[in-house]
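Undergrad: After the sequence you'll find the predicted model.
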Amino acid sequence: MMEIRETMVNMKKMLVATAVPLTVLTSPLGLAQDVEVTFTADIKAATCQITLSGDNVSGSTTSGYTMMMPEVPLRYIKQKTANQAQAHFKLKAEYCTADLSKISMTITPGRVSTYSPLYLASNELTGAGTAKWVGMGFKRKSTSGDSFIKLKQGTEAGDSVVWSSGEKSSGLDMTLVLRETSTDYGGGQTGSFKASATFGFTYE
């Protein structure tokens, strides 16, 4: 659920969206060491209606969104195999007010990775049968490599991603990436995985 509150900044109306939850879930991994990922989003907004779309996305702003990344082998996560350990989606701002001049975005993880706390959200599940040393990062689709957006947490402000004029009109193309967070104890391990992040939007 997204909360909207209004403030006045430099005589401009600013709307701050503070809770756009995004969740990644995986089913328990079998002998084939596959990871099946479900990515869900519940998005509501006032100044703009933020929608989420993509080849693997279903749902709506009202009912919430689901993204499936079926059967991602663990070896692809370890090897950073392009187009295998990742999925693409688009965030689009629709029905915005006429005087909107700027959209900026931050990402807050539900839980951070001990080994890469500023860039990867980690598994929120613990105990036997859960995946270990695997994390989730976000980046613009147009960027290469592991150019992840710095996450917001505690006193760390994180990256403020300002949408370009083209992104405001056509949408922001994003990539969700699964990465091994450490090579300790043999590195990434199979199991159930759940990670979440909140996309916060500021409109000016």
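TA: Now that the structure is in, tell me what you want to look at.

Undergrad: shaky segments in this protein?
TA: Across the chain, the ranges flagged by pLDDT under 70 are 1-46, 61-66, 69-71.

Undergrad: now the helices for it?
TA: For the chain, helices defined by DSSP state H occupy the ranges 74-79, 165-170.

Undergrad: export the ones you listed to JSON lines and tack on distance to Ala98 and mean neighbour count?
TA: Quick note: C-beta positions are derived from backbone N, CA and C, even for glycine. JSON lines is the format used below for the helices of the chain (distance: least, Cβ to Cβ, whole Å; neighbours: other Cβ atoms under 10 Å):
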{"stretch": "helix 74-79", "distance to Ala98": "44", "mean neighbour count": "18"}
{"stretch": "helix 165-170", "distance to Ala98": "12", "mean neighbour count": "13"}
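
Undergrad: Tell me which of these lies nearest to Ser113.
TA: Shortest distance between Ser113 and these, using Cβ to Cβ, is found for helix 74-79: 13.4 Å.

Undergrad: sorry, back to before: now the helices of the chain as JSON lines including distance to Leu118?
TA: Below are the helices of the chain laid out as JSON lines (distance: least, Cβ to Cβ, whole Å):
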{"stretch": "helix 74-79", "distance to Leu118": "20"}
{"stretch": "helix 165-170", "distance to Leu118": "23"}
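
Undergrad: right, so of these, which gets closest to Glu156?
TA: Glu156 lies closest to helix 165-170 among the helices of the chain, at 24.2 Å (Cβ to Cβ).

Undergrad: which residues touch the closest one?
TA: 92-93, 96, 100, 103 (Cβ atoms under 8 Å, 6 or more residues apart in numbering).
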